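Undergrad: Provided below for reference: sequence and predicted model.
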Amino acid sequence: MNKNQSLPWDHPRFRSWIAVARACQLMQQSLARSLAYLDIKPPHLDILVNLFRFEGISQQQLARKLLVGRSNMSMLLPQMEKRGLIERRSDKQDKRILRLHLTDAGRQVTEEAMTIQTALIDRMLSDAPVEECELMTTHMERIVSLLLQEENEPLVAIGDQ
């Protein structure tokens, strides 16, 4: 880096990105503390909420929604099944596909955890006008879209550009 180049942390976009990343990390930590008494962690909550919304989703669809590999699912789902929060059932048309369902206990834990998560979000954003929240949503969704699009593009070596 030469003397005429500004440092990354002096750039408003860099500072904004770091602030978002820090806020996300701290929210995850706070959420984890709040969910501890339910004996679940944020990744468990992500699964439970998706099963609450999309009952009968396949493991593969769930992994795609959560942007994680199937190996992550392979570690978390058996734990949740053993605790009686979820069930895996064979698809009626294709026995090779396993469909995921909440148990009654899983539904109860999910509802309680969603209340906790919503309260935390409300506390953190209570002084933000709705318009600002919607603007932030628009920006973050655009970034997600760009990153997902980039993920699907082949990597190009620097010399090949």
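TA: Received, thanks.

Undergrad: and stretch 64-75, what's buried?
TA: Leu66, Val68, Met73 (16 or more other C-beta atoms under 10 Å). Any C-beta I mention is one placed from the backbone N, CA and C, and that applies to glycine too.

Undergrad: measure the closest residue to Leu45 other than its chain neighbours to Glu87 for me?
TA: Excluding the flanking residues, the one nearest Leu45 by C-beta to C-beta, 6 or more residues apart in numbering is Ala113, at 5.1 Å. Using C-beta to C-beta, to the nearest Å, we find Ala113 at a distance of 18 Å from Glu87.

Undergrad: looking at those two, which is more packed in?
TA: Ala113 (21 against 15; other C-beta atoms under 10 Å).

Undergrad: what strand or helix carries the more buried one?
TA: Using DSSP states H and E, Ala113 maps to helix 104-125.

Undergrad: what lies in contact with that helix?
TA: Identification of contacts with helix 104-125 by C-beta atoms under 8 Å, 6 or more residues apart in numbering yields 27, 30-31, 34-35, 38, 40, 45, 48-49, 51-52, 80, 83-86, 102, 133.

Undergrad: just the mean pLDDT for that helix, thanks.
TA: For helix 104-125, mean pLDDT is 97.

Undergrad: likewise for stretch 47-62?
TA: Stretch 47-62 comes out at a mean pLDDT of 95.

Undergrad: please tell me how far the residue nearest to Leu45 sits from Glu153.
TA: Ala113 is 36 Å from Glu153, by C-beta to C-beta.

Undergrad: just Glu134 next, same as before
TA: For Glu134, the distance to Glu153 - C-beta to C-beta - is 29 Å.

Undergrad: who has more neighbours out of these two?
TA: Under the neighbour definition other C-beta under 10 Å, Glu134 and Glu153 were set side by side, and Glu134 has more, 10 against 7.

Undergrad: okay, Ser71: pLDDT?
TA: pLDDT, Ser71: 82.

Undergrad: same check on Ala32?
TA: 97.

Undergrad: returning to that earlier point: from the contacts of helix 104-125, which ones fall inside strands?
TA: Ile86, Leu102 (DSSP state E).

Undergrad: do a quick rundown of the helices in this protein.
TA: In the chain, the helices defined using DSSP state H lie at 12-35, 42-53, 59-66, 70-82, 104-125, 130-151.
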